[in-house]
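Chemist: sequence and computational prediction follow.
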Amino acid sequence: MDDVEKAILISFDESGAIDSELKSQAVNFCQKIKENPSICSLCIEKLCFCKLVQVQFWCLQALQEVIRVKYGSMSLEEKNFIRKSIFSMTCLECINDKMCAVLDGPALIKNKLSQVLVTLIYFEYPLIWSSVFVDFLPHLSKGAVVIDMFSRILNALDDELVSVDYPRTPEEVAVAARVKDAMRNQCVPQIVRAWYDIVCMYRNSDPETCATVLDCMRRYISWIDIGLIANDAFIPLLFELILVDGLSEQLRAAAAGCVLAVVSKRMDVQSKLSLLKSLQISRVFGLVSDDNDSELVSGIAALITGYAVEVLECSKSVNSEDAKVVSTELLDEVLPTVFYVMQNCEMDAAFSIVQFLSGYVATMKTLSPLQENKMLHISQILEVIHTQIHYDPMYRNNLDILDKIGEEEENRMSEFRKDVFVLLRNVGRVAPEVTRIFIRNSLANAITSSSDKNVEEVEAALSLLYAFGESMSDEAMRVGNGLLSELVTDLLSTRFPCHSNRIVALVCLETIARYMKFIQENVQYIPLLLAAFLDERGIHHPNIYVSRRASYLFMRVVKLLKSKLVPFIETILQSLQDIVARFTSMSFASKETTGSEDGAHIFEAIGLLIGMEDVPLEKQSDYLSSLLTPLCQQVEATLMNSKVLNLEEPTVRIANIQQIIVAINALSKGFSERLVTSSRPAIGHMFKQTLDVLLQILVVFPKVEPLRTKVLSFIHRMVDTLGASVFPYLPKALEQLLAESEPKEMVGFLLLLNQLMCKFSTLVRDILEEVFPTIAGRVFSVIQRVADSSGPETNTEEIRELQELQKTLYTFLHVIATHDLSSIFLSPRSRDYLNSIMQLLLHTSCHHKDITTRKACVQIFVKLIKDWCASPSGEEKVPGFKSFIIDTFATNCCFYSVLDKSFEFGDANTLVLFGEIVLAQKVMYEKFGDDFLVHFVSKGLPSAHCPQNLAEQYCQKLKDSDMKALRSFYQSLIEHLRHQQNGSLVFR
């Protein structure tokens, strides 16, 4: 063993026994050898004399790399030497009287050798080495070893160059076309003849070699002349191989693959139809009933489904009546076997069951009424759908406890079912009655199925019913019919033995909710509906996920049925007593320390029930009091004892208060402002008392952010519910919320003020005048850090919070300005901040990266100009504001910022901003007259070298009343100035 061989062996070592430095030296040594001018001779010599697999592989790899990289610079002599040597190796020929043993090596060596030869073909065929394939054919008589090598070469040619299954460069596509054209003209018929002779000769003695040859042939059928295969010699041979019992499964499956390639060959529709008919494919139907896991059955299944796809495509494209009849007959012949295959065999990954069946169902949409055989096909399609959507029983426990495996399987099935249920809905439209009967029977069978299959059977049947409901219009569901009534009755009244299973319970509840429109019109089902939701099938289900989902769905049911549930309120409240108590208990809070709102839907449902005016006042008061009083007492007790709590308890108690606030908040959603303020003020009084209690939380726990957030949410709710009667509680609430607020909490505070302004407008002026100076002082001191923050260093949680605060501040200022509250900026305590506000708005209107925010700031300026500035001759309400607008805002925002090339007129949002800027100019002219116009035309426009005639046109357009014309002109003016400046204007 010489140094080269030793280095190669060390470099390939994966045992870990070799020192890493020594291995690195070996790799470097091998790399240097590749740079040796005589590397090709060295590699070929090693291939002839060395039998070490690692050395052979390295040498072949090196040869391939050298040919790829240095082919153009090689001498003619070197190319001839490589060509002759590699070809001799592949054909079992001697090299310098020495028989090369490469073909005795393992598959990876033979595959690598075939890749080297294909690399030569890439550069040399057909212009330099035109006879490579023809020269090879005589050597096939040497037997299986050379036949196998020839197949590997053709396979490598397909993989490395010809196959369209891999991405190719334009150069590779061109070379592939050149190679295929040359092969078609020169040697494909001879190669096909060789394939035929080999299969005939070796079918009994060496089926493995025959299978290899047929697998190779399958790859080439797509681009060679189909007449070479689809003829009276080859097709009978292929079917004979498929149908003869004694042959190996591998060979029979390979023959089926070739027939599938023939079937899939692209050609004109009439020729394809004739070909498909001539195959007499029914001969192979019986083979799929054998062992379903065998290689042969998989191959036959792929052939049958591929054949069916092609027939279906033909049936869509043919024009003549005769051709339509033929395609229909062929389709009718193959479909029963296709349905069997879909339900019983392992499907080829390339075949989409849903896509094929959807295509077939689409052909029936124009057929009315459906023929008997089509009805039968519809039933079989429904069977296939039913089979396909079944969960595998092996995942039953995983799905029930929803561990990681169960979650993955549920997500996979959910994704898969999307397309399947689209197909079901299409089937339901084509044959609604057949579909309903099938689903009814599926449900009936599931109810009586054996316990070991019960979960999956029931879940699948209910899922079908749910999906079918999605295809029904509201009107069809409301009207219903006898069968639908039967289905809903079964759904509501059946207690499945497997109802304790999570997926069964969930799909049952979802399906009931899906058919609510039917129940809405058929109130006799309401008792059954309530039982399904309120007993252990729904809200009282032992699985918490089911219970919570049932709570949410029940809330939706209540929203839909409303007054129809009034006679059942007592029953409902009685059933929910334990759930209500559990949600606001300490034990629940200890498990839900995050203040989760899961489960609060029960309180919303109760609120919707008892908040209706159909409920008598006395009853309503009793119901509400029975809920609010104990909850408020719980909060008061916790607040009273807060000073003596030990260190273990506060977290649980705080979580408990959170749950109570969530519950009360949800409960209040059922009560309208009109009811609690006008028709039944006593109910409003209860909520005021509750608000009073909950505001104490801000005093006792001023720095507990989750509690502050929940209380703030409740105040929002009370603003909507109590209306103006909430005012007496606001000063105290706002004071406490403002006292300890961080930037993140300040966002929530500003949103509350926005809600108050939008709802009550000028009625909240006094409240706002009180809090605005504190807000301004806090906010302006922190948002300076994000004035124009950008870059990765600003992508921190703190900066993101400040950016959110800044965005909310602009909305806050916009709401003030647009709700006739701009006088707040001018109150004695707020005046100190007026300059800061103006500068912030100016900078933002010119430079902020968010166009919508810029637009809001321009709108604020427009409103302030209207509020604070009288007619041109009037007295200044705000000294200095007029000159600030004319000298600074008009020039910087309305001219310079628009002139900047970053202001993109092609963007829709930017065009809206531009419209606001043009409007601002119009308003400035209306309020300031020539004071604005003279300054803008004499100072602003000349700075961009605006021609005098355009300036005069601008003046005229501004004075006219046509806003659209002004906007159009101003845009063309800006574009003209940009082109004139060529982007060289430096903004002031």
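Modeler: That came through fine.

Chemist: can you show me the strands along the stretch 201-350 of the chain?
Modeler: With DSSP state E, counting those that start in this stretch applied, the stretch 201-350 of the chain shows no strands anywhere along its length.

Chemist: low-scoring stretches of the stretch 301-450 of the chain, by residue?
Modeler: 349-350, 450 (pLDDT under 70).

Chemist: could you pull out the helices for it?
Modeler: Assigned by DSSP state H, counting those that start in this stretch, the stretch 301-450 of the chain shows helices spanning 321-344, 353-362, 372-388, 396-401, 404-430, 432-448.

Chemist: as TSV, those helices with mean neighbour count would be great.
Modeler: Every C-beta, even on glycine, is put in place using the N, C-alpha and C of the backbone. Listed next are those as TSV, based on neighbours: other Cβ atoms under 10 Å:
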stretch	mean neighbour count
helix 321-344	18
helix 353-362	18
helix 372-388	19
helix 396-401	16
helix 404-430	16
helix 432-448	18
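
Chemist: among those, which is nearest residue 760?
Modeler: For the helices of the stretch 301-450 of the chain, proximity to residue 760 was assessed by Cβ to Cβ; helix 404-430 is nearest, at 45.9 Å.

Chemist: quick one: that closest one to helix 432-448, angle?
Modeler: 140 degrees (axes from the mean of the first three to the mean of the last three Cα atoms, to 10 degrees).

Chemist: who does helix 404-430 touch, helix- and strand-wise?
Modeler: Packing contacts for helix 404-430, counted by 3 or more Cβ pairs under 8 Å, 6 or more residues apart in numbering; DSSP states H and E, involve helix 353-362, helix 372-388, helix 396-401, helix 432-448, helix 451-470.

Chemist: now what about stretch 434-453, what contacts it?
Modeler: Defining contact as Cβ atoms under 8 Å, 6 or more residues apart in numbering, one finds that stretch 434-453 is touched by 375, 378-379, 382, 386, 393, 424, 427-428, 454, 457-458, 460-462, 464-465, 468, 483-484, 486-487, 490-491, 494, 496-498.

Chemist: and the buried ones among those residues, selectable in ChimeraX?
Modeler: Restricted to buried positions by 16 or more other Cβ atoms under 10 Å, the ChimeraX selection for the contacts of stretch 434-453 reads:
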select :378,379,382,386,424,427,428,454,457,458,460,461,462,464,465,468,484,487,491,494,496,498
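
Chemist: could you pull out the helices for the stretch 101-250 of the chain?
Modeler: In the stretch 101-250 of the chain, the helices defined using DSSP H, counting those that start in this stretch lie at 107-124, 132-136, 144-157, 170-186, 188-202, 207-220, 234-243, 249-264.

Chemist: touching, residue 699 and residue 736? I think so.
Modeler: Yes. If you go by Cβ atoms under 8 Å, residue 699 and residue 736 touch, sitting 6.3 Å apart.

Chemist: may I see the buried residues of stretch 564-573?
Modeler: Buried positions in stretch 564-573, judged by neighbour count with 16+ other Cβ under 10 Å: 565-566, 568-569, 572-573.

Chemist: equivalent analysis for stretch 702-722, please.
Modeler: Within stretch 702-722, the residues that count as buried by 16+ other Cβ under 10 Å are 704, 706-719, 721-722.

Chemist: stretch 798-811 now?
Modeler: Across stretch 798-811, burial judged by 16+ other Cβ under 10 Å covers 801-803, 805-810.

Chemist: who touches the host helix or strand of residue 968?
Modeler: Per DSSP states H and E: residue 968 is located in helix 963-981. With contact meaning Cβ under 8 Å, 6+ apart, helix 963-981 is reached by 898-899, 901, 905, 914-915, 918-919, 921-922, 944-946, 950, 953-954, 957-958, 960.

Chemist: how about stretch 938-951?
Modeler: 890-891, 895, 899, 937, 954, 973, 976-977, 980-981, 985, 988.

Chemist: now it, how far from the centre of its chain.
Modeler: 52 Å (Cα atoms, centre = their mean, to the nearest Å).

Chemist: that older thread, dump the buried residues of stretch 564-573 to a markdown table, plus secondary structure, pLDDT and distance to residue 332.
Modeler: Listed next are the buried residues of stretch 564-573 as a markdown table, based on DSSP: H, G, I helix; E, B strand; the rest coil; pLDDT from 0 to 100; distance: Cβ to Cβ, whole Å:
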| residue | secondary structure | pLDDT | distance to residue 332 |
| --- | --- | --- | --- |
| 565 | helix | 95 | 53 |
| 566 | helix | 94 | 58 |
| 568 | helix | 95 | 54 |
| 569 | helix | 95 | 59 |
| 572 | helix | 96 | 55 |
| 573 | helix | 95 | 61 |
